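Chemist: got a structure for you, letters missing:
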């Protein structure tokens, strides 16, 4: 790694292990290029730019907090959101702990949301807020297996059963890292090239009968070529 930020995330003794996994490869590439606008998000009429360092910092904090909540390697974590920076941040965080992302379209019918959550065995749901949350709420409100609902928009988390605001998750992750600076390295080091990345279904009428898993091993070589 050429930057101090990259060295902080991947100490030299761990680079060879960490970068064998897809999230490790991607985070290393993000920090190596070190762009001031690694992720850009339009809020109203204005663009908000997130630097590479901030992006990786937020990924670390979300991953650490999810781990403390009991999300472990192989667990399924559902994700419902429109295109926004938080989608990428939490998706990377899920992958860093070795869990499996279950992406669900924001336009998915309520009964399909309910079925996918149940059939995937998702233990947690990360969801944006606003109209997306209002639409999906009936699809997850009666779920017995969902332990936590993490809402990107803090104001929408208030009064919602099992809900935690994403900013609360990030704040707790920052506390964990402050108390134990090596916690994230140990967490991501548990990953394997054989880890599954995501769980999806076809969008056709037989959606409930067809599932697809993606393996980190099958994706890492392709991403490595693209990130160098």
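Modeler: Cool, the structure landed. As the structure is a computational prediction, the values presented were derived from the model and not from experiment.

Chemist: List the single closest residue to the residue nearest the centre of the chain in space, sequence neighbours excluded.
Modeler: For the chain, the residue sitting closest to the mean C-alpha position, by C-alpha atoms, centre = their mean, is residue 91 at 2.2 Å. Leaving aside its chain neighbours, residue 91 sits nearest to residue 101 (5.5 Å; criterion: C-beta to C-beta, 6 or more residues apart in numbering). From N, CA and C alone the C-beta is placed, and that goes for glycine too.

Chemist: one step back: ok now do the residue nearest to the centre of the chain, which residues does it touch?
Modeler: Applying C-beta atoms under 8 Å, 6 or more residues apart in numbering to residue 91 gives the contacts 79, 101, 103.

Chemist: which one of the residues you listed has the most neighbours?
Modeler: Neighbour counts for the contacts of residue 91, by other C-beta atoms under 10 Å, peak at residue 101, which reaches 24 neighbours.

Chemist: tell me the average confidence for the helix or strand hosting that one?
Modeler: Residue 101 belongs to strand 100-103 when assigned by DSSP states H and E. Per-residue pLDDT over strand 100-103 has a mean of 93.

Chemist: same check, this time on stretch 70-77
Modeler: The predicted confidence, averaged over stretch 70-77, sits at 94.

Chemist: ditto for stretch 147-164
Modeler: 94.

Chemist: ok, residues contacting it?
Modeler: Contacts for stretch 147-164 (C-beta under 8 Å, 6+ apart): 69-70, 81, 84, 86, 90, 123-130, 133, 140-141, 146, 165-169.

Chemist: Could you pick out the buried ones from those?
Modeler: The neighbour-count criterion (16 or more other C-beta atoms under 10 Å) marks 69, 81, 86, 90, 123-129, 133, 140, 146, 165-166, 169 among these as buried.

Chemist: Strands - which of the residues you listed land there?
Modeler: 124-127, 165 (DSSP state E).

Chemist: Which strands and helices lie in contact with the top helix by length along the chain?
Modeler: Counting residues, the longest helix found in the chain (DSSP state H) is helix 52-68. Applying 3 or more C-beta pairs under 8 Å, 6 or more residues apart in numbering; DSSP states H and E, we find helix 52-68 packed against helix 4-9, helix 22-33, helix 85-96, helix 166-179, helix 183-189.

Chemist: about what we covered before: who are the packing partners of the strand holding residue 101?
Modeler: Checking 3+ C-beta pairs under 8 Å, 6+ apart, strand 100-103 ends up next to strand 76-80, helix 85-96, helix 110-120, strand 196-201.

Chemist: Recalculate using a threshold of 10 Å.
Modeler: In terms of contacts (3 or more C-beta pairs under 10 Å, 6 or more residues apart in numbering; DSSP states H and E), strand 100-103 is packed against strand 76-80, helix 85-96, helix 110-120, strand 124-127, strand 196-201, strand 211-215.
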